[in-house]
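>>> quick one, fold the following:
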Amino acid sequence: MLKRLLEHYLFLSRWLLAPFFVMLTLGLLALMVNAARHVLGILLSIGSSTEDRIILELLGLIDLTLTGALVMIVTISVYENFVSGVPATPREGWPNWMGGIDFPQLKLNLLTTIVAISAIKLLEVFMDVPKFEERDLTYYIAIHLTFVLSTVLFAFSERVTISGQVEKKTTPAEEPGTKIDAPGGS
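Below you'll find the model as predicted:
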């Protein structure tokens, strides 16, 4: 009886995550305001700004867009995986992946998005190299390579895990009365 009550309580407590999802989506408003500032900066500097300056503003806009997408991936996927399943049946206007992303796919999507954001930040730094000290450049490169390596290692470990699961499923199970030949003889 006590065990069932505890399990029921824990199962219902997953809904305590819902306010976090609302706050994350409200955080998108802050990103949107910042993105609007980038666009305004680009539009106001047409004709007076250098090409490099416009490219840096656009890279900042791409960075914010990817961050917003990351927030949405996390919000929808965590809701789907931990709070309430999203039906796998396609609905008009819904992305194809909704209802079908599992936790390893979520982690890989997160990592690849973080690598993309890091690459854009690194590109921004490379566009403005004179502003940075050599030590700072080294840190930016090391951090980016750490993200890349982490993503590659995670993808590799997932692939190994999945191939191991597939091998287990495809290996014929030993049935009672089935004779298995010994190695080297028949």
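>>> show me the helices in the chain, by range?
With DSSP state H as the criterion, the chain has helices at 2-12, 18-44, 51-78, 103-127, 134-170.
>>> residues near residue 74, how many?
Number of residues near residue 74 (other C-beta atoms under 10 Å) recorded here: 17. The way it works is simple: take the backbone N, C-alpha and C, and place the C-beta from them, glycine included.
>>> rewinding a little: okay, the helices of the chain in JSON lines with mean pLDDT next?
Putting the helices of the chain into JSON lines (pLDDT from 0 to 100) gives the following:
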{"stretch": "helix 2-12", "mean pLDDT": "85"}
{"stretch": "helix 18-44", "mean pLDDT": "89"}
{"stretch": "helix 51-78", "mean pLDDT": "84"}
{"stretch": "helix 103-127", "mean pLDDT": "83"}
{"stretch": "helix 134-170", "mean pLDDT": "83"}
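>>> contacts for stretch 111-121, please.
Residues outside stretch 111-121 that contact it (C-beta atoms under 8 Å, 6 or more residues apart in numbering): 59, 62-63, 66-67, 69-70, 73, 140, 143-144, 147-148, 150-151, 154-155.
>>> so who does residue 71 touch?
Counting by C-beta under 8 Å, 6+ apart, residue 71 touches 24-25, 27-28, 31.
>>> so which residue is dead centre in this structure?
Among the residues of the chain, the one closest to the centroid is residue 110, at 1.2 Å (C-alpha atoms, centre = their mean).
>>> got the contact list for that residue?
Residue 110 touches 70, 73-74, counting by C-beta under 8 Å, 6+ apart.
>>> so which of the contacts of residue 71 comes closest to residue 14?
Nearest to residue 14 among these is residue 24, at 16.0 Å by C-beta to C-beta.
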